[in-house]
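>>> Make a model of this:
(one chain, ligands or ions: 1)
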Amino acid sequence: MDTKGRYQHLTYTDWTVRETQFEPDQFRYRETVFTIGNGYLGTRGSFEEGYSQASPATFIHGVYDEVPIVYTELANCPDWLPFTINIDGDRFRLEKGEILSYERKLDLRQGILSRSVRWRSPNNQIIDIHFERFANLADEQVLALRCQLTPVDFAGAIEIQASINGYPENQGFNHWELLDQGKTEAGVWLNLRTRSSRIQLGIATSIKISGAEASLQVTSPPGYPTLIASFLASPGQTVTVDKLVTVFTSKHVENPVATACEKLVQLPEYSFIIKTHSQAWEEVWQKSDIVIEGDVTAQLAVRYNLFQLLIAASRNNDQVSIPAKTLSGFGYRGHIFWDTEIFILPLFIYTQPEIARNLLTYRYHTLPGARRKAVHYGYKGAMYAWESADTGDEVTPRWLPPNDPYGEDIRIWCRDREIHISTDVVYAVWYYWQATNDDEWMRDYGAEIFLDTAVFWSSRVEYNTKHERYEIREVIGADEYHEFVHNNAFTNRLVQWHFEKALYIYDWLYKTFPDKAIELEDKLLLSIGRRSRWSDIITNIWIPYDESTGLIEQFEGFFQLQDINLEEYEPRTKSIQAILGIEEGNKRQVLKQPDALMLLYLMRQSQEPPYNPHTLQANWDYYAPRTDISYGSSLGPAIHAILASDLGKTAQAYERFMQAALVDLENVRGNAPEGIHGASAGGIWQAVVLGFGGIQMGDSEPIAHPHLPPGWTRLKFKLIWRGKWHEFDLGNGEWGQGDQGAGSRDRGNS
Ligand code: IFM
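Coordinates of the predicted model:
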């Protein structure tokens, strides 16, 4: 903390995030920032020695367990980090003794978190301590932690304890029951099971000491198996302790504890594991890296956001998806939203399509849950959950307690009304297919998702006989400040688009895979009558849009609401909803996040109506000033950055972009402790590639129309389009010339 009570900012180089002071007040936010992972699990950046302010967590994809109110949540798994150091009776803790130097560093290129501390113990002995840890990207059930200890000015006895903590908590609730624990020649192990979902987890650990003769012991208090090593060290002598961990669950193997123990015995040396891990990262970055020259903060922040998504996406499991807070925090309980399909998927579709396919196949596996939801609400087909977890059933809480202890519980309507999710999913299915030409996947998975959600919409859309038009009533659009609206333009236009593409896919399937078409026709009851209703809806659904002015009315009656001037509320630190209350917010023309503009953004990709530069300008002018962009949803700023950039609004575009890019690194919204803002991170990829890089997917290949922020001298990235890689190496020219591409030094495609 400095003299004004502000915390010390992190420092950035191209590939590293550095913390140069220990800041006890920033514990939980920095734990989020220093999250590591490997697509199988994520581990928050808690310190090995443990602190009462800490909120350590390891989340493994798919390990959900029941919980009151929110139905199910990702269970915090046993903590593999505990590692204590005792020097001559003094236990190493940063708030005791004296910190003589300190640095914590996340190396994004290699996915390694490290910490170097020179510490004077209360007994006045100085020691250098270096920790490093990683979740192996090359072998995902393997975790590694190294601790190097070098006495500076003393010779003496050091004892270390390396443990597994079998009592992890989800904010006070422990999901695990201890089944058994034990030791083998290699190390110690724990066997646990989640209380309701009955998922078994086996975890085993070993230590290896080099640089000193050590005596080893095992102690096994229930649920906390521990390996203890004692040794003597003298000034300048470095002793290295390697703690290796293996972790399996019954979601993947039959006998997790046996598999964890067998795997532990077979593990190679730490140095070999880290080498294969780094190689795996090199391959990932080869595909997904973005190089920015001329702006080191933007460079690092972009890589940081990509890193957090790359560690959150499963490479080997198509039954799971990416939660809104990735695998990095307790926020939203590990539930999956439209954040994945609309915000995060493009990074994967265009740089690692096999991961995008996994993420979309999760939606195929959760169709049964979506069908149950449709039945529950009295509709047909598949109605996706606003918040989804392992089965696809709706897990949005119905009620949430207020912050005020005397307040009323708050009804959460998103589960009932925020139904655009069903089309958000197919939007991503469509673009995955366009980018990959993966006809087999479309035949086996995508088509069923597309068509059964169309069946849902066909039962949800209502015909208004008075106005002779189709309508969708009682919804929440993308803007969640208005919770009960009719004919939300965003929803209605996307549903129209959904039917257009569903009919196209149906015809394609019939021509290309007639057997599959017949199978789905029977399974989903796709009669001619049903399909002709789809065509009728396409022609006659009402989209509140004035072609003469280009202005979209967010929903029926929006323009009649009380207007607002957001500047009158400045300076502030809270959202408009927190200031006005839910009811009052509902009555004003104020948005939590882009809605009509979100529709234009989604249609911008294919330049379909109502997208055109004129409507974009008209709607920007109207809606941007009425959007609570800094305090509303974190999903907004990246989208505003792209649209502002399209409109030549240089300063605003960059400001919004950085607001999104630093949302977690600098805790811009104050809620980074709850976990990484996954959608915002995905929006960052889109802002750089589709926004500043101006990539348009033409019919044959992607083309850049760059308009880089001032100061960016180079922007370089790769995309894979229909099986062929395209490299873009763009330079800066005039800012804000739309898609003139001035100054581009696109070195062509290869
Ligand atoms: O999906 C979002 C929503 O759009 C705004 N509220 C938070 C959700 C999860 O990120």
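
>>> Let me know how buried the residue nearest to H640 when sequence neighbours are not counted is, in neighbour terms.
The shortest distance from H640 to any residue that is not its chain neighbour, by Cβ to Cβ, 6 or more residues apart in numbering, is 4.5 Å, and that residue is R656. For the C-beta atoms, the positions are set from N, CA and C on the backbone; glycine is no exception. For R656, the number of neighbouring residues by other Cβ atoms under 10 Å comes to 26.

>>> and R656, that one's in a helix?
Yes - using DSSP: H, G, I helix; E, B strand; the rest coil, the assignment for R656 is a helix.

>>> contacting residues for it?
When contacts are counted by Cβ atoms under 8 Å, 6 or more residues apart in numbering, R656 touches I629, P637, A638, H640, A641, A644.

>>> Can you tell me how far the nearest residue to E73 once chain neighbours are set aside is from the ligand?
Ranked by Cβ to Cβ, 6+ apart and with sequence neighbours excluded, the top spatial neighbour of E73 is R333, at 3.6 Å. Summarising the geometry, the distance separating R333 from the ligand, computed by Cβ to the nearest ligand atom, to the nearest Å, is 11 Å.

>>> just checking, R333 touches V70?
Yes - R333 is within contact range of V70, at 5.1 Å (criterion: Cβ atoms under 8 Å).

>>> so what sits against both of these two?
When Cβ under 8 Å, 6+ apart defines a contact, the residues bordering R333 and V70 alike are V395.

>>> ok, now which ones touch the residue nearest to E73?
For R333, the contacting residues are V67, V70, T72, E73, L74, P323, V395, taking Cβ under 8 Å, 6+ apart as the criterion.

>>> Could you provide the contacts of R656 in CSV, with additional columns for neighbour count, pLDDT and distance to H482?
As requested, these are arranged in CSV below (neighbours: other Cβ atoms under 10 Å; pLDDT from 0 to 100; distance: Cβ to Cβ, whole Å):
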residue, neighbour count, pLDDT, distance to H482
I629, 23, 97, 16
P637, 31, 98, 20
A638, 30, 98, 22
H640, 29, 98, 19
A641, 29, 98, 24
A644, 24, 98, 23
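
>>> and these near the ligand, which?
The subset of those within reach of the ligand, by Cβ under 6 Å from any ligand atom, is empty.

>>> List just the nearest of those to H614.
The closest of the contacts of R656 to H614 turns out to be A644 (Cβ to Cβ; 16.4 Å).

>>> Which strand or helix spans that closest one?
helix 636-646 (DSSP states H and E).

>>> Identify all contacting residues around that helix.
The contact list for helix 636-646 (Cβ under 8 Å, 6+ apart) reads 343, 592-594, 597-598, 600-601, 604, 613, 616, 620, 624, 627, 629-630, 652-654, 656-657, 659-660, 663, 680, 682-684, 686-687, 690-692, 707, 709, 736, 738.

>>> Show me where the stretch 451-600 of the chain has its strands.
462-464, 469-471, 545-546, 551-552 (DSSP state E, counting those that start in this stretch).

>>> The residue nearest to H640 and the ligand, how far apart?
Look at R656 and the ligand: by Cβ to the nearest ligand atom, they are 17 Å apart.

>>> So for that residue, what's the pLDDT?
R656 is assigned 98 on the pLDDT scale.

>>> can you check the one 5 residues further on too?
pLDDT recorded at A661 is 98.

>>> most distant residue from the middle of this protein?
Distance from the C-alpha centroid of the chain, by Cα atoms, centre = their mean, peaks at A155 (47.0 Å).

>>> can you tell me how far it sits from Q237?
Distance, A155 to Q237, using Cβ to Cβ, to the nearest Å: 8 Å.

>>> can I have stretch 279-295 written out in PDB, keeping just the CAs?
Only the C-alpha atoms of stretch 279-295 are listed here, as PDB (Å, rounded to 0.1, in the frame of the first residue of the first chain):
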ATOM      1  CA  GLN A 279       6.400 -27.300 -25.000                       C
ATOM      2  CA  ALA A 280       2.600 -27.800 -24.800                       C
ATOM      3  CA  TRP A 281       2.200 -24.100 -24.100                       C
ATOM      4  CA  GLU A 282       4.400 -23.200 -27.000                       C
ATOM      5  CA  GLU A 283       2.100 -25.100 -29.300                       C
ATOM      6  CA  VAL A 284      -0.900 -23.400 -27.900                       C
ATOM      7  CA  TRP A 285       0.500 -19.900 -28.300                       C
ATOM      8  CA  GLN A 286       1.600 -20.700 -31.800                       C
ATOM      9  CA  LYS A 287      -2.000 -20.900 -32.700                       C
ATOM     10  CA  SER A 288      -3.700 -18.400 -30.400                       C
ATOM     11  CA  ASP A 289      -1.200 -15.700 -29.600                       C
ATOM     12  CA  ILE A 290      -1.700 -12.000 -30.600                       C
ATOM     13  CA  VAL A 291       1.300  -9.700 -30.900                       C
ATOM     14  CA  ILE A 292       0.800  -6.000 -30.300                       C
ATOM     15  CA  GLU A 293       3.700  -3.700 -30.600                       C
ATOM     16  CA  GLY A 294       3.800  -0.100 -29.300                       C
ATOM     17  CA  ASP A 295       1.600  -0.700 -26.200                       C
END
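
>>> can I get the CA coordinates of stretch 345-358 in CSV?
What follows is stretch 345-358 as a C-alpha-only set of coordinates in CSV (Å, rounded to 0.1, in the frame of the first residue of the first chain):
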residue,chain,number,x,y,z
LEU,A,345,-16.3,-19.1,-28.6
PRO,A,346,-14.9,-16.9,-31.4
LEU,A,347,-11.3,-17.2,-29.9
PHE,A,348,-11.6,-21.0,-30.2
ILE,A,349,-13.6,-21.2,-33.4
TYR,A,350,-10.9,-19.2,-35.2
THR,A,351,-7.7,-20.5,-33.5
GLN,A,352,-8.4,-23.9,-31.9
PRO,A,353,-11.6,-25.2,-33.5
GLU,A,354,-11.3,-28.6,-31.8
ILE,A,355,-11.9,-26.9,-28.5
ALA,A,356,-14.8,-24.9,-29.9
ARG,A,357,-16.3,-28.2,-31.0
ASN,A,358,-16.0,-29.6,-27.5
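
>>> List of residues touching it?
Counting by Cβ under 8 Å, 6+ apart, the neighbours of stretch 345-358 from elsewhere in the structure are 39, 284, 287-288, 306, 309, 313-318, 320, 359-360, 428, 431-432, 435-436, 438, 441, 682, 685-686, 689-690, 702, 718-721.

>>> Could you do stretch 397-417 as well?
69-71, 377, 385-387, 394, 396, 474-476, 480, 483-484, 582.

>>> Quick one: residues contacting the residue nearest to Q319 when sequence neighbours are not counted.
By the measure of Cβ to Cβ, 6+ apart, the closest residue to Q319 outside its immediate chain neighbours is H365, 5.4 Å from it. If a contact means Cβ under 8 Å, 6+ apart, then H365 has D318, Q319, G392 as its contacts.

>>> For the stretch 351-500 of the chain, which residue gets nearest to the ligand?
Taking Cβ to the nearest ligand atom, the ligand has its nearest neighbour within the stretch 351-500 of the chain at E480, 5.7 Å off.
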